[in-house]
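Novice: need a 3D model of the following:
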Amino acid sequence: MTDGPYFVLTVLGVLGTGVTAGVFCAFSTFVMRGLAALPPAQGVAAMNAINTAAVRPAFMSVFLGTAVLSAVIAVVTVVRWPEGAVELLLGSALYLVGAFGVTAAANVPRNAALLRLDAGSAQAAGGWSAYVREWTAWNHVRAVASAAAAVAYVLALA
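Specialist: Numbering: from 1, shown residues only. This next block holds a predicted model:
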């Protein structure tokens, strides 16, 4: 799979998973820490604004496009079983389960709950603290899975 159009697919896989890992890493290492330092009402409002802004073509095309690409790589790998097949399947699984799956199962439901939280209420303080802790923990998983997927795809090219 590391020649012709398969080479291009794998390089695009490296780029997509790498860019996504970078976004998740930024959130895990400094964005969430900065938001957590805000008063709860401001933190909730800021995160809700970020979550709304994230669902735009600029990020979603990379995030969802990489999921589609990872699925295509996995299918083509199973059908053709090229050199580097194990690494390609591992990269695809890491991204599809560890980044895309975790987003759908853990981060998005927390985002939806945060959106329902009244930022100015007394409940927001405890809810915000729990949100930051839980969302960030799952985001660490997404960052590591995306970075590991990129490494697996690079290894398939070697």
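Novice: mind checking the SS state of residue 118?
Specialist: With DSSP: H, G, I helix; E, B strand; the rest coil as the basis, residue 118 sits in coil.
Novice: try residue 38
Specialist: coil.
Novice: please name the nearest non-neighbouring residue to it.
Specialist: Setting aside the residues directly before and after it, residue 38 is nearest to residue 46 in space (Cβ to Cβ, 6 or more residues apart in numbering), at 6.4 Å. For every residue, glycine as well, the C-beta is placed using N, CA and C.
Novice: next structured bit after the host helix or strand of that neighbour?
Specialist: Here residue 46, judged by DSSP states H and E, is contained in helix 40-54. Counting by DSSP H and E, the element after helix 40-54 in chain order, helix or strand, is helix 57-80.
Novice: next, the buried residues of that following helix.
Specialist: For helix 57-80, a neighbour-count test (16 or more other Cβ atoms under 10 Å) marks 62, 63, 66, 67, 69, 70, 73, 74, 76, 77 as buried.
Novice: avg pLDDT for the host helix or strand of residue 35?
Specialist: Residue 35 belongs to helix 32-36 when assigned by DSSP H and E. Mean per-residue pLDDT for helix 32-36: 98.
Novice: quickly find the element holding residue 22.
Specialist: With DSSP H and E as the test, residue 22 turns up in helix 4-26.
Novice: how far off helix 57-80 does that helix point, in degrees?
Specialist: Using axes from the mean of the first three to the mean of the last three Cα atoms, to 10 degrees, the inter-axis angle of helix 4-26 relative to helix 57-80 is 130 degrees.
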